[in-house]
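[1] make a model of this:
(chains A and B)
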Protein chains: 2
Amino acid sequence: MNQAKGRRGGREARRAQRERPKTAVLPAISRQLPVLDVLGEEGLEIIEANAETVLAETGIDFRDDDEVLELWRQAGAEVSGERVRLPRGLARKLLETAPGEFTQHARNPERSVPIGGRNIVFAPVYGPPFVRDLEGGRRYATLRDFENLVKLAYLAPAMHHSGGVLCEPVDVPVPERHLDMLAAHIRLSDKPFMGAVTAPERAADSIAMAELVFGADFVADHTVLISIINANSPLVYDATMLGALKTYARANQATIVSPFILSGAMSPVTVAGTLTLILAEALAGMALTQLLRPGAPVVFGAFASSISMQSGAPTFGTPEPTLVLLGAAQLARRLGIPFRSGGSLSAAKIADAQAAYESAQTLLPTLLAGCNFVLHAAGWLEGGLCAGYEKFVLDADQLGMMQVLAGGVDLSADSQAMAAITEVGPGNHFLGVSHTQAHFETAFYRSALADNNSVEQWQDEGSLDAVQRAHQNWQHQLADYQPPALDPAIDEAIADFVTRRKTQLSDT
Amino acid sequence: MNQAKGRRGGREARRAQRERPKTAVLPAISRQLPVLDVLGEEGLEIIEANAETVLAETGIDFRDDDEVLELWRQAGAEVSGERVRLPRGLARKLLETAPGEFTQHARNPERSVPIGGRNIVFAPVYGPPFVRDLEGGRRYATLRDFENLVKLAYLAPAMHHSGGVLCEPVDVPVPERHLDMLAAHIRLSDKPFMGAVTAPERAADSIAMAELVFGADFVADHTVLISIINANSPLVYDATMLGALKTYARANQATIVSPFILSGAMSPVTVAGTLTLILAEALAGMALTQLLRPGAPVVFGAFASSISMQSGAPTFGTPEPTLVLLGAAQLARRLGIPFRSGGSLSAAKIADAQAAYESAQTLLPTLLAGCNFVLHAAGWLEGGLCAGYEKFVLDADQLGMMQVLAGGVDLSADSQAMAAITEVGPGNHFLGVSHTQAHFETAFYRSALADNNSVEQWQDEGSLDAVQRAHQNWQHQLADYQPPALDPAIDEAIADFVTRRKTQLSDT
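    Numbering: from 1, shown residues only, chains lettered A, B, ... in the order given. This is a model prediction of the structure:
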């Protein structure tokens, strides 16, 4: 806890921190573009009816959790062993208490995010045990990597969320990792963050640390954590995930209930069959949150990929998962529940053309699906096994473009620019006219990574490809990084908590 | 004309050619996905009214062509010098005779393409004087490069069109180039192709060569050529383009009337202002085709890019041109006229992540805009200055994915896969079930270029990036290339025509 020591305390420190320059930041996207629907009314009804049939006839397993089975029994489900069969309409009925939109609070109120409705929140890569950068190559991730990625997420204007496990810090023992990760989110960023899900007590730690930041009273009736609960597709929820789900839902903290599906392995090879399974699993998992605490914020998640039928490897950015993504978003919208999916997904090993095609072919559909919470929005490589530093900043640049695109067309009189067109007339150019000059600075998205120069200029500057430019970019960003202000009392409380819990954990 | 000599003649040759294996080919896309509209009714009306105001008050120049000015005068326009002012509604009224959909015939009828309606036709890169490949680097394009790219376009299943100037064969004198290019399209491919536009006599040569292929009678009442006519934005049509436009329209051959706009230079910096200018220019240019020959097939083109306000360089795959593209498609749809835009555009110098992000961020919006004719669908680098071999095959792979995506969701009972879901049940996998086995081969798009393997396998195979894999891919394709069958009489007639015209041209 070096960072917590040797720091100036009290008012002086707070003033100094307030005076630090603020990082550019964009609010969550308020989508102005229409959504792209791939299912008509009839198609939606078919999938919905089929999902109800799956829940009513095949049923779904809730494993190693008698409490959950008892809740289902009381709610009117037919429970046989660990198999739960939900009468048609039960899950949908239970979900009537789930909010259509909620706010996840950040410790900096300006960075709190609305989740649901027309809002879109971008969050970074989640889960990879490996990292890669151009200089260091591919290696196991460390806490230092984790902190670096949190910093890069903090510095990215269109990254609205600090995320969760940006990479697995494998140099920290598994039982303690969540403590260091949460401390890093709290200290190095002021954006909202995610809770631990790998054990119920880690979920409890997440809530306890959030209470130190926000105050226990605030946490009692505000959502300050969002956490990802994966189904074990097909049609299984396991004890670990149920433990985390119960802890968060009861504390009124948000859960993202996500079927995680490789079509052809965990679901049928077809889009319609995969959508049916996703809806069945999501309905059951989300309904459970409402049994635990009616009104608890919950998000309909869907993570779908195809598998290569040659090798069994997952594929990304291909058309079939895109159709699943767009269809699942429609199903969530019909339920009136926020939706999570997508990101900048790729099976590529490095940030090459494959990585970029696949990521763009996931990210733009994600936006057009109206996804409310976009995990893995930057940094994904190798189907999620590896977080790439260069990939992270390249993706983050794309997020900035998506935010502009989502804003749609400005039709104000000034934007119509009729006076400029009249002024210029045929055969002249618009560069010098006052309308162009007035909008010069902000008219077009400016990428820090794209090279738009002539080939001669590009060669003069070393013929750098996108990855090489991205490498320079993230290094400069980390060199210039300044942490956001944090009340030293909170900082100290977090440090104490982490130390105390680590001691407890190593004693057991 | 080596190719035409030493060839077996007559029936035997035709039989041999018929027996050659057919290349995989997909028909033009019949789009099942909905279009993505970025303008509401009110927005469309604003842009339409503004465009009429521009045409009526500012007017548009038709330069160095008295015949065209006289046509406009007779049609009721106010002509003052070269400035033509169109009374409100005149262009729209004239366009009532333009077809909403037409067929461009290919010499192989299976490869004829419908242009308009829900159809989408992909055509390759057009215009670059340079080519690049991984081994040979960047260099001036030659006829050999041109022929190679025609072959790659022929071999790409989702490339529906052979295009026009896939690159400028700069080793052939300018006045003769179009002859060699057209001969290559006719011989090396059986997909439809484009006509020359750089001079009216070259347009006439294009028609003459098409008559040798299709027969003069057929060409007289069928469209066998489509050609690109760029406006000199803002608000100018020059004599060269008018000459080609007149030649083609009178011969009932299709023209794509395309404002070519870098926002901020040739149009206002705003999306709304740019759309207004595009619509005004397209309306005037397209209406002229109907003055020349009512019913002549014409396509509403829009090529829009932003300029970097730092350097003046064009940028691609950025959000503002995407909004222009989507909005222009709506304006064309309201006119009931086929639309051309988009492609796989990029300012990148090589097929790196920048190239791929930018291309995907143009191509997917192109699809969702419902573009009917997509020029530059593969091969673009450097804002169109350079055609990349690796970029070509990487883009062509993406076109295959777009074709699947555009097909939408199959909701047949078989695709619903309810029996498979019941059969598998909770906690098992779908790999072995009969439904999966039955769809094994065709369930998912298979990319020949994406590497979905583990990092270990990828390393074992040489850690090749996407460009290196693409390099191998196009070399194999060219090595295996077999030309499509062609009647030797046609082949000979084309050879004779080219020889005769070259002699004439070198005599003058």
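[2] in the stretch 301-450 of chain A, which spans are strands?
    Ranges of strands in the stretch 301-450 of chain A, per DSSP state E, counting those that start in this stretch, are A:303-307, A:314-315, A:339-340, A:373-374, A:380-381, A:386-388.
[3] give me whichever of those strands is most buried.
    Neighbour counts (mean count of other C-beta atoms under 10 Å in any protein chain shown) averaged over each of these peak at strand A:380-381, with a mean of 31. From N, CA and C alone the C-beta is placed, and that goes for glycine too.
[4] what about that one, near chain B?
    No. Residues of strand A:380-381 are not located near chain B by C-beta under 8 Å from any C-beta of the partner chain, the shortest gap being 9.0 Å.
[5] can you name the residue of the stretch 401-508 of chain A nearest to chain B?
    residue A:417 (3.1 Å; C-beta to the nearest C-beta).
[6] okay, now that residue: neighbour count?
    Neighbour count for residue A:417, taken as other C-beta atoms under 10 Å in any protein chain shown: 28.
[7] and it, how far is that from residue B:37?
    22 Å (C-beta to C-beta, to the nearest Å).
[8] one step back: which residue packs closest to the residue of the stretch 401-508 of chain A closest to chain B, ignoring adjacent ones?
    Excluding the flanking residues, the one nearest residue A:417 by C-beta to C-beta, 6 or more residues apart in numbering or on different chains is residue B:273, at 3.1 Å.
[9] so the one you found touches residue A:416, yeah?
    Yes. Using C-beta atoms under 8 Å, residue B:273 is in contact with residue A:416, at 6.2 Å.
[10] those two: who's more crowded?
    Using other C-beta under 10 Å as the criterion, residue B:273 and residue A:416 rank with residue B:273 on top: 28 against 21.
[11] identify the residues contacting the more buried one.
    A:415-418, A:420-421, A:435, B:263, B:267 (C-beta atoms under 8 Å, 6 or more residues apart in numbering or on different chains).
[12] mind doing that once more with 10 Å?
    A:414-421, A:430, A:435-436, A:439, B:47, B:50, B:263-264, B:267, B:324 (C-beta atoms under 10 Å, 6 or more residues apart in numbering or on different chains).
[13] for the stretch 51-200 of chain A, what lies in contact range of chain B?
    A:51, A:53-54, A:57-63, A:82-84, A:130, A:132, A:138 (C-beta under 10 Å from any C-beta of the partner chain).
[14] returning to what we had before: as JSON lines, the strands of the stretch 301-450 of chain A with mean pLDDT would be great.
    JSON lines is the format used below for the strands of the stretch 301-450 of chain A (pLDDT from 0 to 100):
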{"stretch": "strand A:303-307", "mean pLDDT": "92"}
{"stretch": "strand A:314-315", "mean pLDDT": "94"}
{"stretch": "strand A:339-340", "mean pLDDT": "98"}
{"stretch": "strand A:373-374", "mean pLDDT": "98"}
{"stretch": "strand A:380-381", "mean pLDDT": "98"}
{"stretch": "strand A:386-388", "mean pLDDT": "98"}
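[15] need the ones you listed in CSV with distance to residue B:164, can you?
    As requested, the strands of the stretch 301-450 of chain A are exported to CSV (distance: least, C-beta to C-beta, whole Å):
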stretch, distance to residue B:164
strand A:303-307, 36
strand A:314-315, 34
strand A:339-340, 44
strand A:373-374, 40
strand A:380-381, 38
strand A:386-388, 39
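[16] and stretch A:456-471, how far apart are its ends?
    22 Å (C-alpha to C-alpha, to the nearest Å).
[17] any residue of that stretch touching chain B?
    Yes. Using C-beta under 10 Å from any C-beta, stretch A:456-471 reaches chain B at A:457-459, A:463-470.
[18] closest one of the residues you listed to residue B:211?
    residue A:458 (45.0 Å; C-beta to C-beta).
[19] ok, that closest one touching residue B:350?
    Yes. When contacts are counted by C-beta atoms under 10 Å, residue A:458 is listed as touching residue B:350 (9.1 Å).
[20] and for the two, which residues touch both?
    Contacts common to residue A:458 and residue B:350, judged by C-beta under 10 Å, 6+ apart, are A:451, A:465, B:382.
[21] need those residues in CSV with pLDDT and neighbour count, can you?
    Converted to CSV, the shared contacts of residue A:458 and residue B:350 look like this (pLDDT from 0 to 100; neighbours: other C-beta atoms under 10 Å in any protein chain shown):
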residue, pLDDT, neighbour count
A:451, 96, 22
A:465, 98, 26
B:382, 97, 24
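[22] what's around residue A:175, how many residues?
    For residue A:175, using other C-beta under 10 Å, the count is 17.
[23] how far away is it from residue B:296?
    For residue A:175 relative to residue B:296 (C-beta to C-beta), the value is 76 Å.
[24] now check the lengthiest strand in chain A, is it near chain B?
    Counting residues, the longest strand in chain A under DSSP state E turns out to be strand A:254-263. Yes. Strand A:254-263 is in contact with chain B by C-beta under 10 Å from any C-beta, via A:261-263.
[25] any chance of JSON lines for those residues, columns pLDDT, neighbour count and distance to residue A:213?
    JSON lines is the format used below for the residues of strand A:254-263 next to chain B (pLDDT from 0 to 100; neighbours: other C-beta atoms under 10 Å in any protein chain shown; distance: C-beta to C-beta, whole Å):
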{"residue": "A:261", "pLDDT": "93", "neighbour count": "28", "distance to residue A:213": "34"}
{"residue": "A:262", "pLDDT": "93", "neighbour count": "24", "distance to residue A:213": "37"}
{"residue": "A:263", "pLDDT": "94", "neighbour count": "28", "distance to residue A:213": "40"}
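[26] check contacts around the residue positioned nearest the centre of chain A.
    Note on chain A: the residue nearest the mean C-alpha position is residue A:375, at 2.2 Å, using C-alpha atoms, centre = their mean. By C-beta under 10 Å, 6+ apart, the residues touching residue A:375 are A:121-127, A:161, A:163-164, A:194, A:226, A:228, A:256, A:258, A:301, A:303, A:340-343, A:366.
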